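Trainee: One predicted model, sequence on top.
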Amino acid sequence: ASKENGKNMYTFYARDMNDHLSETMLLEIELRKALERNEFYLLYQPQIDISTGRVVGVEALLRWNHGKKGLIPPSDFIPLAEETGVIVQIGEWVLRTACLQGKRWREEGLPPLRIAVNLSGRQFLSRDFVSSIQRTLSETGMNPEQLELEITESMTLDVNRSISTLRQLKNIGVTISIDDFGTGYSSLSYLKNFPVDCLKIDQSFVRAMLTDANDRSIVSTIIALAHNLNLRVVAEGVETEEQQAWLASCGCDELQGYFISKPIPDTELHRFYRQCS
Ligand code: C2E
Ligand code: MG
Ligand code: MG
Ligand code: MG
């Protein structure tokens, strides 16, 4: 009987695994079609200068409005897109869309705000990445100085290659920020050699900062480190006035988070801009 049970167990698990497999495969197929079907769009989360309270930039955040399943958050499909390589095409779409939007806002009378775009590892490491950035900038007419590319520490494991890519990007005129800073394990000596412009303090530190002395030390240390290296520093995930006040007292340059604004559609940026000017 126990052997029988074992067999049933096996078939049970195998079927379970198959269900999981086909669901993943289905999602992959739908992910490939999502671009043609125009199911992606971008929201933009404002970033403000802490001393003036004015918007200085936005971060473009990808959204997938799935035909049947509704809105799927990036955390549910970016890893799969990355795994399957579809992220490279999606990433190009994000970049082009953000650049076109940047140009449109200029035409509509907004000042030259910085637009930050998240990169995936695959994208950053792909052979023709730098030329695709260059092509997108020239095709859209976006000013390179307004474009910021967000990378994470885990993308820069191949140090020499990263430095070379980052240098080429700097030559084009775009700026680079390190997203989720403090959660990776890049050594501080790399930072010195990386031509980056900005550190974004990960929201996990900001969230716990006022209740946890360790997180508070980490945040103030990242701010000091950034300034000693002549880098700009942005705090992510700011949700309360108290957090904003503490970050201001530490000399943090810019803030991003629900307390400032949630990610918003492009048309709403005008109102937000007027409101904080
Ligand atoms: P991220 O780049 O670190 O973006 C910040 C995330 O925090 C966003 O989540 C944003 O909506 C959320 N957030 C902002 N303020 C607050 C706050 O005050 N409290 C809390 N709890 N959350 C806040 P989202 O939009 O779900 O994006 C998640 C991640 O997906 C991003 O993290 C980024 O790593 C990735 N992602 C988003 N768009 C793209 C994209 O176009 N390409 C790639 N490769 N990755 C993307
Ligand atoms: Mg980001
Ligand atoms: Mg982040
Ligand atoms: Mg992230």
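Mentor: Yep, that arrived. Source: prediction; values computed, not measured. Numbering: from 1, shown residues only. Ligands and ions are numbered 1, 2, ... in the order given.
Trainee: Angles on the backbone of the spatially closest residue to A248 that is not a sequence neighbour, please.
Mentor: Once flanking residues are discounted, A248 sits nearest to I50: 5.2 Å by CB to CB, 6 or more residues apart in numbering. (Each C-beta comes from the backbone N, C-alpha and C, glycine too.) Main-chain dihedrals, I50, degrees, to the nearest 10: phi -70, psi -30.
Trainee: Which residues are in contact with G85?
Mentor: R122 (CB atoms under 8 Å, 6 or more residues apart in numbering).
Trainee: For it, grab phi and psi.
Mentor: In terms of degrees, to the nearest 10, the main-chain angles of G85 are phi 90, psi -10.
Trainee: That one and ligand 1, how far apart?
Mentor: Per CB to the nearest ligand atom, to the nearest Å, G85 is found 13 Å from ligand 1.
Trainee: Quick check: pLDDT value at that residue.
Mentor: The model reports G85 with a pLDDT of 91.
Trainee: Buried residues, the helix or strand where R274 lies. List them.
Mentor: Assigned by DSSP states H and E, R274 falls within helix 269-275. The neighbour-count check on helix 269-275 (16 or more other CB atoms under 10 Å) flags 269, 272-273 as buried.
Trainee: Dig out what the spatially most central residue of the chain forms beta bridges with.
Mentor: Nearest to the mean C-alpha position of the chain, counting by CA atoms, centre = their mean, stands N118 at 3.4 Å. Following DSSP bridges, N118 is listed with bridge partners E150.
Trainee: re earlier: possible to save the buried residues of helix 269-275 as TSV with pLDDT and distance to S164?
Mentor: Output for those, formatted as TSV (pLDDT from 0 to 100; distance: CB to CB, whole Å):
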residue	pLDDT	distance to S164
L269	98	35
F272	97	38
Y273	97	37
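Trainee: Name the nearest of those relative to ligand 1.
Mentor: Ligand 1 lies nearest to F272 out of the buried residues of helix 269-275, by CB to the nearest ligand atom, at 14.2 Å.
Trainee: Hmm, V55 and that closest one touching each other?
Mentor: Yes: if you go by CB atoms under 8 Å, F272 and V55 touch, sitting 6.6 Å apart.
Trainee: Quickly list what's touching both of these two.
Mentor: In contact with both F272 and V55: P46, using CB under 8 Å, 6+ apart.
Trainee: Flag the shaky bits of this structure, pLDDT-wise.
Mentor: 1-20 (pLDDT under 70).
Trainee: For this structure, what lies in contact range of ligand 2?
Mentor: Contacts of the chain with ligand 2, taken as CB under 5 Å from the ion, map to 118, 150, 179.
Trainee: Point out the residues in the stretch 51-200 of the chain that sit beside ligand 1.
Mentor: Residues of the stretch 51-200 of the chain found near ligand 1 (CB under 6 Å from any ligand atom) are 61-62, 73-75, 78, 91, 94, 118-120, 179-180.
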